[in-house]
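S.K.: got a predicted model here, sequence first, then my questions.
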Amino acid sequence: MLLLSIDTSIRGCSVAVHSDAGLLAAYDLFTDKSSSSMLTTLIQSSVEHSGYKLSDVDAIAVAKGPGSYTGLRVGVSTTKGLCYALDKPLIAINTLQAMALQLSSFYPGHLLCPMIDARRMEVYSAVFDEHNAFVQPTQAVILDKSSFQDLLTSHKVVFFGDGAAKCKTLLGDHPNAVFPTEPIRPSAKTVGQLALIALRNEQFEDVAAFEPYYLKDFMSPAPRKSSLITQ
């Protein structure tokens, strides 16, 4: 089996190619500005460097969210376009679950709480055990000092992702709260690991109907009033 995976959940983009033997190629591009314009280039480079052509892939996987509204829209649109053009099935993976998989082998016995910044004191989060199973579902959480206290009383919890800095200001002194020093970002590498399982089980999405998992409605800023008076 050959699988192409894409993650554009936050600013930047990540692309990976997996086979049954494991990871064949991967590119991660993280910049302050959106790098969606580089996505198609990274896709082509990843597939070519793995020794294949795009037409050789058996399926295409995408991180479905939650995350940046614009980033998710770009990633899902690109994936759907490729699935249509190549007549390949689409696999969708929860962004937070793929993030948790990055750390599951490093923190045995801990709960894992990936967080994606949702502005102000809000984050998108979920909680997983060391086997990557959901303990708490994906949700938008407005952080305060009472957040996650039910889990912290009896478990060590690892908070990570670009939203975890907000959590650290509130819970950083709790003895069971763990905050890795290295940044953990969404990655197509672990999207691909989960998607290989879905591919073997033929867990595919309806390409035409599939939409990103935005979790909440996109809120655009209110338009400014014009100073021009029209008749």
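M.R.: Right, received. Where do you want to start? Numbering: from 1, shown residues only.

S.K.: state the pLDDT value of the nearest residue to K168 once chain neighbours are set aside.
M.R.: Counting by CB to CB, 6 or more residues apart in numbering, F179 is the residue found nearest to K168 once chain neighbours are left out, at 5.1 Å. Where C-beta positions appear, they are placed from N, C-alpha and C, glycine not excepted. Per-residue confidence at F179 stands at 98 (pLDDT).

S.K.: what's near enough to touch F179?
M.R.: Shown in contact with F179 (CB atoms under 8 Å, 6 or more residues apart in numbering): V158, F159, F160, A164, C167, K168, G172.

S.K.: the residues you listed in helices, which ones?
M.R.: A164, C167, K168 (DSSP state H).

S.K.: just the buried residues of those.
M.R.: Among the ones in helices among the contacts of F179, those classed as buried by 16 or more other CB atoms under 10 Å are A164, C167.

S.K.: including distance to L23, could the ones in helices among the contacts of F179 go into CSV?
M.R.: Listed next are these as CSV, based on distance: CB to CB, whole Å:
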residue, distance to L23
A164, 26
C167, 30
K168, 31
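
S.K.: and which of the ones in helices among the contacts of F179 is nearest Q203?
M.R.: Closest approach to Q203 among these (CB to CB): A164, at 29.7 Å.

S.K.: phi, psi for the residue nearest to that closest one when sequence neighbours are not counted please.
M.R.: Closest residue to A164 in three dimensions, ignoring its sequence neighbours and counting by CB to CB, 6+ apart: M115, at 4.8 Å. Main-chain dihedrals, M115, degrees, to the nearest 10: phi -130, psi 130.

S.K.: so how many other residues sit close to M115?
M.R.: A total of 23 residues lie near M115 under the criterion other CB atoms under 10 Å.

S.K.: just L3 next, same as before
M.R.: Count around L3 with other CB under 10 Å applied: 24.

S.K.: got it, and the one 4 residues further on?
M.R.: D7: 31 surrounding residues under other CB under 10 Å.

S.K.: for the residue nearest to the spatial centre of the chain, give its distance to L171.
M.R.: Using CA atoms, centre = their mean, the residue of the chain that lies closest to the mean C-alpha position is T95, 2.8 Å off. Using CB to CB, to the nearest Å, one obtains 22 Å as the distance from T95 to L171.

S.K.: same question, S55
M.R.: 49 Å.

S.K.: who has more neighbours, these two?
M.R.: Of the pair S55 and L171, L171 is the one with more neighbours under other CB under 10 Å, namely 22 against 10.
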